[in-house]
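Chemist: Structure for this input, please:
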Amino acid sequence: MKQEEQVGRYGKADRVLHLAMAAALTAFCVPAEAALPAAGRVFVDANGDGRLSVGEEGLGGAVVSDGTTVLKTDPEGAFAFQADTDPMLQEGEKPIVTLSTPDGFATTTPWFSRLGGDRAQDMAIRFGVKPEVQTRPFEFLHVTDIHWVPDSSFYDTFVQEVTSVPGRCRFAINTGDSFSCDHYPPETAWRLSSCAFDMLNSLNMPWRITAGNHEAIGGDYAINAGWTSTHPRYGYGLFWELYGPLRWSFTHAGVHFAGVDVMEHPSHDVWSYGSSKSAIAWLQRDLAAIPAGMPVYLFGHCFSDDWLPVVASANVRAVVYGDGHENRISKWGDVPCVESGSLCPTAPAEYRGYRVFRVNADGGFDECFRFPGRDVALCLFPRDFRVGPRPPARLCMTGYGYGMPITARTVTVTVDGRPAEVRPDRPSALWTGFSARLDLARLPRGYLKAVARGRHNRREVLSDEQLVLNLHGVDEAPPEAGEVTLRLGVCGLQAAAEVWVNGQKLGSIAGPAGGESPGEHVARRFAFAVPPGVARRMNAVEVKPGVTAGKPDPIFLDYCWMEQGGAVFRDMDPRLGYGHFYGALRTHYIDLKAPMPGREQYVEHAETHTVP
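Modeler: Residues are numbered from 1 along each chain as shown. Predicted structure coming up:
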């Protein structure tokens, strides 16, 4: 099902096209040479039927775009221009004309129209809108990194939860990686991406999406999954066909929302993280078309510093993104940057969910990261565990809760069964944070379980258990005597790659003569004896890819473990639940004393959780 066929508040497309138009236009850029003519009208759909009826008036000053050009309609709501095909798209992918839904209106037709199918339709586009009461405060959803897993009831729980209170959230925004398109053959990628699309449609609220790195097919993994650069869904082709525009904007209750693509396309068949120059230029033009000082929320899968000048030029209240599969809020200058975990059932428990934003009267926000199926919850942030800078040495932890009062009486935090001192933060509209401290002198050596617990309406509320590794600042020799063997499964080998353990090179590995063939997805197996002087209790394993044609080879680890005395100790990477160790340049940590815990738990490596 294509997005033009969405039902609900987007309505159905009106394909009865008439009225020749000539428009006086306010344009914000010069269109590129390769373009298709487009014309149409934005009209106030008084009867809400999605059709331009007799007596319905045009809406002047509405903003339309093709992702490069940004222009406003004339007083009669008419527009006409040469629509450009974005340079991030391939041949065969035509321009898409979008409407930036005006303040105080909701759409009654699809908010975008693909060009190139019928010249008459391209010259008579209709965007219908109707007045809508919009006030602050209001709430919206942010989801990201769905990485669709087939046949999971997790998504049903999410949909049921967010639709249980109709109208609570006015719209939803997804910042990409709905499915790992570049990891699977083309037909599988299309089928499972369509499942994620249908799930978003079932939210029964307007939604928008930005493209993630796994939806820019042509990165590190696509060649191993059977993709070729001539496939019509290569690059952004699948995203363009299924979801539509790479860039979009709309205004709601005097707050402007804009979404952009964030990948680079350095050559015909290669895609990589970076900054799309055409996307940055489009955002500048889009923001120039709104009133000065209007609050802005910017969405994308991830952002580099190249975006900072345009962010600093506007009243941006938040940059909202995904990619890292973490629940965190940081700052970009003075602008909050909000990452909303991963709406994937195999994500680490404390990052598995979605975020509710509440936009306040001043355009600022409150927010709450929620876990599907849990109306009351407590959470500890394992990556925020640290040792306090002042003596006596204390283990410091942070967390939050929602759906229940958070006080020193209602919430306790224990480490290895020992109670910590809990200090609640000032409550927000949606959740309350807290900190907890515990003297290190009271804690034993080794892995320790940390958990927050409370009571609400006569029921116990527990956070997911987190594991803290306390080595008292001193790493250990392997706990058992005997030979240590490192075993690796590596895909995508071309030139020779190097294998390092604890900063020492063990040797090199290579694929078949001439490298792997396109479409080959084979984990080539390797084993190394780790010298006794190199092996420790906590071992850092790194595979450094070789270089082909001046670029690092797109390899990744299919598995990584160590063996000693007949026991197997697996990689402690937090993304283990996704099934592979994607990202060959990242270091992997293996503890030769404790096996990998279950997926519901998270273990950070010793460099972060070591306590003196």
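
Chemist: element containing residue 506, please.
Modeler: Residue 506 is part of strand 504-509 when elements are defined by DSSP states H and E.

Chemist: ok and the helix or strand following that strand relative to strand 504-509, angle-wise?
Modeler: Per DSSP H and E, the first helix or strand lying C-terminal to strand 504-509 is strand 524-530. Counting by axes from the mean of the first three to the mean of the last three CA atoms, to 10 degrees, strand 524-530 points 150 degrees away from the direction of strand 504-509.

Chemist: Strand partners (parallel or antiparallel) of strand 524-530?
Modeler: strand 484-491 (antiparallel) (DSSP bridges).

Chemist: For the strand it pairs with, buried residues please.
Modeler: Within strand 484-491, the residues scored as buried using 16 or more other CB atoms under 10 Å are 484, 486, 488-491. C-beta coordinates here come from the backbone N, C-alpha and C atoms, glycine included.

Chemist: then that strand to CSV, C-alphas only?
Modeler: Coordinates of each C-alpha in strand 484-491 appear next as CSV, following Å, rounded to 0.1, in the frame of the first residue of the first chain:
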residue,chain,number,x,y,z
VAL,A,484,42.7,-18.9,25.1
THR,A,485,41.4,-19.1,21.5
LEU,A,486,39.7,-16.2,19.7
ARG,A,487,37.1,-17.2,17.0
LEU,A,488,35.7,-14.9,14.4
GLY,A,489,33.2,-15.0,11.6
VAL,A,490,33.8,-12.1,9.1
CYS,A,491,31.8,-11.1,6.1
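
Chemist: Neighbours of residue 246, how many?
Modeler: 28 (other CB atoms under 10 Å).

Chemist: Could you do the one 5 residues further on as well?
Modeler: Neighbours of residue 251 under the rule other CB under 10 Å: 22.

Chemist: what pLDDT, on average, does the helix or strand that contains it get?
Modeler: Under the criterion of DSSP H and E, residue 251 resides in strand 248-252. Mean pLDDT, computed over strand 248-252, is 98.

Chemist: And stretch 100-117, by the same measure?
Modeler: Per-residue scores along stretch 100-117 average to 95.

Chemist: just how off-centre is that stretch within its chain?
Modeler: 25 Å (CA atoms, centre = their mean, to the nearest Å).

Chemist: List the buried residues for that stretch?
Modeler: 100-103, 105-116.

Chemist: Let me know whether residue 47 touches residue 53 as I believe.
Modeler: Yes: taking CB atoms under 8 Å as the definition, residue 47 is a contact partner of residue 53 at 6.3 Å.

Chemist: Give me the common contacts of these two.
Modeler: Common neighbours of residue 47 and residue 53, counting by CB atoms under 8 Å, 6 or more residues apart in numbering, are absent.

Chemist: among the buried residues of stretch 100-117, which two are most distant?
Modeler: 103 and 116 (30.8 Å; CB to CB).

Chemist: picking up where we left off before, who are the packing partners of the strand holding residue 506?
Modeler: Strand 504-509 makes packing contacts with strand 484-491, strand 497-501, strand 524-530 when contacts are defined by 3 or more CB pairs under 8 Å, 6 or more residues apart in numbering; DSSP states H and E.
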